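Engineer: how would this look folded up:
(6 chains)
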Number of protein chains: 4
Amino acid sequence: MPRISKERQQDRRNSILAAGRMVLSARGFNDAAISAIAAEAGVSDGLVYRYFTNKRDLLIAVLADFYEGIIDNLEVILDQYDTFEERIRAIVYEHIARFASDKEMCELFLTEIRVSNNYRETEIFRLNRRYTSIVVRTAQDGLARGEMNPAIGPRLLRDMLFGGIEHFAWRHIGRGVAIDVDEGASKIAEVLLHGVCARSTPPNPPKAHTGK
Amino acid sequence: MPRISKERQQDRRNSILAAGRMVLSARGFNDAAISAIAAEAGVSDGLVYRYFTNKRDLLIAVLADFYEGIIDNLEVILDQYDTFEERIRAIVYEHIARFASDKEMCELFLTEIRVSNNYRETEIFRLNRRYTSIVVRTAQDGLARGEMNPAIGPRLLRDMLFGGIEHFAWRHIGRGVAIDVDEGASKIAEVLLHGVCARSTPPNPPKAHTGK
Amino acid sequence: MPRISKERQQDRRNSILAAGRMVLSARGFNDAAISAIAAEAGVSDGLVYRYFTNKRDLLIAVLADFYEGIIDNLEVILDQYDTFEERIRAIVYEHIARFASDKEMCELFLTEIRVSNNYRETEIFRLNRRYTSIVVRTAQDGLARGEMNPAIGPRLLRDMLFGGIEHFAWRHIGRGVAIDVDEGASKIAEVLLHGVCARSTPPNPPKAHTGK
Amino acid sequence: MPRISKERQQDRRNSILAAGRMVLSARGFNDAAISAIAAEAGVSDGLVYRYFTNKRDLLIAVLADFYEGIIDNLEVILDQYDTFEERIRAIVYEHIARFASDKEMCELFLTEIRVSNNYRETEIFRLNRRYTSIVVRTAQDGLARGEMNPAIGPRLLRDMLFGGIEHFAWRHIGRGVAIDVDEGASKIAEVLLHGVCARSTPPNPPKAHTGK
DNA sequence: TATGAATGAGGATTCATTCAT
DNA sequence: CATGAATGAATCCTCATTCAT
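Structural biologist: Take a look at the predicted model:
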């Protein structure tokens, strides 16, 4: 029979998680000291190790927490759209917005996790799969509806979408320039959907997806 | 009056550079010890610091060396093509091939340099600009020739091209799966040029760019 | 008024003691975690501290428990013999057998307790005295009966007996080689009783003491 | 071409070795901090690791240094004696003297090295073999000369000699009582050579070996 | 010029022990 | 009585960089 309630334990864990997110974001994995995280959370160094196996495990928990939030968010949003094009526009918009709002989490993922040797055995890998598979499913749906070119596989669309946004966003982030999410999303979606070549007859005026 | 000739100095520098590339590629920045690089080059630890300010400076020099090679190469190749589409196909092909052949250099750039705070003050930043500006110029040329959609800026094409390839290539690299450069390049170029939407009239059979 | 009966308390204490013996034997003092002992005993960490002052106190209790058993055993056995020589042979036999059967307890005593600064203030010191004093009394008896050389004090016999056996046994233990208790005891007793010099007239055929 | 002479390097190594011996003696292996040893030697922490692989390697070097000294010493002394009995007396005397003069080194060996799992792969194991093999050779010589009882193997003599002395000496050391080396050696040798049984005809008055 | 010996900062992790509940 | 969450001290080792020679 535990001396402290489950709620209290969750509080502790959440404190450490929040402190971890803050310090890891600010300093990066190597320069974030456990003692700094513990101090930020208002607990002892040792307690961090009651809730997390080691420093890397804490990093993974921090990112997993982040990922779970954005996956749920994206799924809810996608439910509001039907056509392939609308959905792609929505995903692009949301993903850029994510980079804009959570630069450091994205950076942590790109520089610490995705590079690591055992990334593919990681919970983050599975969460990333869930996240990116939203695009894959959207693509499969688009293929079924005849709205997507069957010569392009769903996975290539996924790579182009996430890779393109990553590059686009990184450039702004690196310069400390705010991203114009609306415009960026609109143009990137345009490229993904119709390419960069000049088009004789622009079919419809591109309907921008806006965040609300 | 220098005790050793300029040529000898260049030799020394090149030895260290080559050793640095080898060890940094194999071990990554953090795990590559200066002493290991010096040993590989057959010089003392101290001498490394006569030719390079510090470890990071050496990393930058190694990557600069790499970049210079691939920029020249890409420029030579591009001269062989005239149309916007052909050029884009060629760039995509070459860039994927680069990932396939120099995985570690790409990784070093992505994980160590591009992320760093002072990346934009770096020689690598300038070289990366030169490299990616090839795409920008190609795009500008395409616009002038009316072959590219003016609604898409050259820089967005650049981001989509490099970001998409990076994601595509990383996936293969991470899994240790060899990249099918021909097929990957063909499809990625297709997305960039014409998008993923179903097309009523496939304009021309896509002419694959092959490496030779 | 205690909430749990004396019997229950004894049970608890004995559980912890048994778990302590098991874990300390298997891991050694430093590598035996209190939490592991508590888990093995099926109690909480904190409860260990209700029955024992600290980890070292538990170690001492475990060894005391062990010592009490072997002292009783040795005294019972000695009662079956009358002559000095027979008794020495019996003690040697039993002590070697003890090393063979309880290697880890012996090791714990030799490496953790006997070395410690406050060994002589320890209960183990008193128990060890009781155990080794069996030899001293046997020697005094032998002197009284004229069967032992008066130039050799009882305590020196004690040192030679226990020290010699310890070295002999350790060698086997360290190599993981089973001890031939019968042969070892016979020879060690022979050296103690008659020395290693060549003897002109072997007095009697040495009567080996065997375990039953 | 080294910047500092071999002699200087030896000095450094010897400083660290001496400091290691001092601190390890005083504190024991676990409580001796590398930083304390480095400070005692007047060098930086890091330099310790240029001369010794790790803390345990330093411990082993300290003990090896000690062992080499006493082996040479014992061999020189033994050359002065011819008969089996004289030699055994000399070895006993010297070994007790060693315990008396270098209690901590003996303790370090007994409590840190001999107990360790990989003792038998250690340089100390080989040195200990060399040291104790002096007794074995002396015994073999005694057997050849007909001065030792062939029923007692050389190795048993060795165990009884070193084990008996260890116990005898430890008792005095533990109590902080100075050992009477002359008397202890004389009596221990007597037991080893002729046993503890009453002898009808003491052959010769035992000639005590005295230290000079 | 070249050497390589010397420096020294920096941090994750364990676990005996306590004490609020 | 019993729990088990919380504490926090304590340390080995690496390696980029310097500088006396």
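
Engineer: just checking, A:A19 touches A:I34?
Structural biologist: No. Assessed by C-beta atoms under 8 Å, A:A19 is found out of contact with A:I34, at 10.3 Å. Placement of C-beta: from N, CA and C, glycine included.

Engineer: Neighbour count: the two, which is higher?
Structural biologist: When A:A19 and A:I34 are compared for neighbours, A:A19 comes out ahead with 22 against 17, by other C-beta atoms under 10 Å in any protein chain shown.

Engineer: all helices of chain A, in order?
Structural biologist: Here chain A has its helices, by DSSP state H, at A:6-27, A:34-41, A:45-51, A:55-78, A:84-101, A:103-108, A:123-144, A:154-175, A:181-194.

Engineer: Any chance of TSV for these, columns distance to DNA strand E and mean pLDDT?
Structural biologist: Shown next, in TSV, are the helices of chain A (distance: least, C-beta to the nearest atom of the strand, whole Å; pLDDT from 0 to 100):
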stretch	distance to DNA strand E	mean pLDDT
helix A:6-27	9	92
helix A:34-41	4	95
helix A:45-51	3	96
helix A:55-78	4	96
helix A:84-101	27	95
helix A:103-108	15	90
helix A:123-144	17	96
helix A:154-175	25	92
helix A:181-194	35	96
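
Engineer: so which of those helices gets nearest chain C?
Structural biologist: Nearest of those to chain C, taken as C-beta to the nearest C-beta: helix A:45-51 at 11.7 Å.

Engineer: what's near enough to touch A:R56?
Structural biologist: The contact partners of A:R56, by C-beta atoms under 8 Å, 6 or more residues apart in numbering or on different chains, come to A:F29.

Engineer: same question, A:G164
Structural biologist: By C-beta under 8 Å, 6+ apart, the contact set of A:G164 is A:188, A:191-192, B:159-160, B:163-164.

Engineer: do A:G28 as well
Structural biologist: If you count contacts by C-beta under 8 Å, 6+ apart, A:G28 has them with A:108, A:111-112.

Engineer: Can you name the residue of chain A nearest to DNA strand F?
Structural biologist: Nearest residue of chain A to DNA strand F: A:G46, at 1.8 Å (C-beta to the nearest atom of the strand).

Engineer: Of the contacts of A:G164 - the most surrounded one?
Structural biologist: Most neighbours among the contacts of A:G164, by other C-beta under 10 Å: B:G164, with 30 neighbours.

Engineer: Show me chain A divided up by domain.
Structural biologist: Domain ranges of chain A: A:1-52, A:56-212, per automatic domain parsing.

Engineer: want to try CSV for the ones you listed, with distance to C:G174 as columns?
Structural biologist: As requested, the domains of chain A are exported to CSV (distance: least, C-beta to C-beta, whole Å):
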stretch, distance to C:G174
domain A:1-52, 36
domain A:56-212, 39
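
Engineer: Surely A:A36 and A:A26 touch.
Structural biologist: No. A:A36 is beyond contact range of A:A26, at 9.3 Å (criterion: C-beta under 8 Å).

Engineer: Have a look at the two and say which one is more surrounded.
Structural biologist: Set A:A36 next to A:A26 and count neighbours by other C-beta under 10 Å: A:A36 wins out with 18 against 12.

Engineer: contacting residues around that one?
Structural biologist: Taking C-beta under 8 Å, 6+ apart, one finds A:23, A:27 in contact with A:A36.

Engineer: For A:G28, see how far away it is.
Structural biologist: Relative to A:G28, A:A36 is positioned 12 Å away (C-beta to C-beta, to the nearest Å).

Engineer: Go ahead and confirm A:D65 touches A:R21.
Structural biologist: Yes. Contact status for A:D65 versus A:R21: in contact at 7.4 Å, counting by C-beta under 8 Å.

Engineer: More neighbours: which of those two?
Structural biologist: The neighbour comparison of A:D65 against A:R21 (other C-beta under 10 Å) goes to A:R21, with 23 against 16.

Engineer: rewinding a little: need the contacts of A:G164 in TSV (columns: distance to D:H172).
Structural biologist: What follows is these, written out as TSV (distance: C-beta to C-beta, whole Å):
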residue	distance to D:H172
A:I188	86
A:V191	90
A:L192	88
B:D159	83
B:M160	85
B:G163	79
B:G164	82
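
Engineer: What about the residue of chain A closest to DNA strand F, how many residues nearby?
Structural biologist: Neighbour tally, A:G46, other C-beta under 10 Å: 9.

Engineer: separation between it and C:V23?
Structural biologist: For A:G46, the distance to C:V23 - C-beta to C-beta - is 22 Å.

Engineer: cool, and A:M148?
Structural biologist: Per C-beta to C-beta, A:M148 is found 63 Å from C:V23.

Engineer: So which of the two has more stuff around it?
Structural biologist: A:M148 (25 against 22).

Engineer: Look up the closest residue to that one, ignoring the ones flanking it.
Structural biologist: The shortest distance from A:M148 to any non-neighbouring residue, by C-beta to C-beta, 6 or more residues apart in numbering or on different chains, is to A:G142 (3.6 Å).

Engineer: Distance of the residue lying closest to A:F84 once chain neighbours are set aside relative to A:G153?
Structural biologist: Once flanking residues are discounted, A:F84 sits nearest to A:G142: 3.3 Å by C-beta to C-beta, 6+ apart. As judged by C-beta to C-beta, A:G142 and A:G153 stand 12 Å apart.

Engineer: Counting neighbours, go ahead and name the busier of the two.
Structural biologist: Legend: neighbour count by other C-beta under 10 Å for A:G142 and A:G153, higher for A:G142 (25 against 17).

Engineer: what does stretch A:69-87 contact?
Structural biologist: Here stretch A:69-87 makes contact (C-beta under 8 Å, 6+ apart) with A:90-91, A:94, A:98, A:102, A:127, A:130-131, A:134, A:138-139, A:141-142, A:145, A:147-148, A:189, A:193, A:207, A:209, B:197.

Engineer: So A:I134 is in contact with A:V92, correct?
Structural biologist: No. Counting by C-beta under 8 Å, A:I134 sits too far from A:V92 to count as a contact (11.9 Å).

Engineer: between those two, who's got more neighbours?
Structural biologist: Legend: neighbour count by other C-beta under 10 Å for A:I134 and A:V92, higher for A:V92 (28 against 19).

Engineer: Contact partners for that one?
Structural biologist: Contacts for A:V92 (C-beta under 8 Å, 6+ apart) come out as A:161, A:165, A:185, A:188-189, A:192, A:209.

Engineer: Ok, A:A18 next?
Structural biologist: A:A18 neighbours (C-beta under 8 Å, 6+ apart): A:A41.

Engineer: same check, this time on A:V135
Structural biologist: Contacts for A:V135 (C-beta under 8 Å, 6+ apart) come out as A:88, A:91, A:154, A:157-158, A:161-162.

Engineer: In this model A:F162 seems to touch A:L192, though I could be wrong.
Structural biologist: No. Under the criterion of C-beta under 8 Å, A:L192 makes no contact with A:F162, lying 10.7 Å away.

Engineer: Give me the neighbour count for A:L157.
Structural biologist: Quick note: A:L157 (other C-beta under 10 Å) scores 26 neighbours.

Engineer: That one contacts A:Q140, correct?
Structural biologist: No. The criterion here is C-beta under 8 Å, and A:L157 misses it with A:Q140 at 10.1 Å.

Engineer: quick one: A:R175 and B:E121 touch, right?
Structural biologist: No. Taking contacts as C-beta under 8 Å, A:R175 lies outside contact range of B:E121: 11.9 Å.
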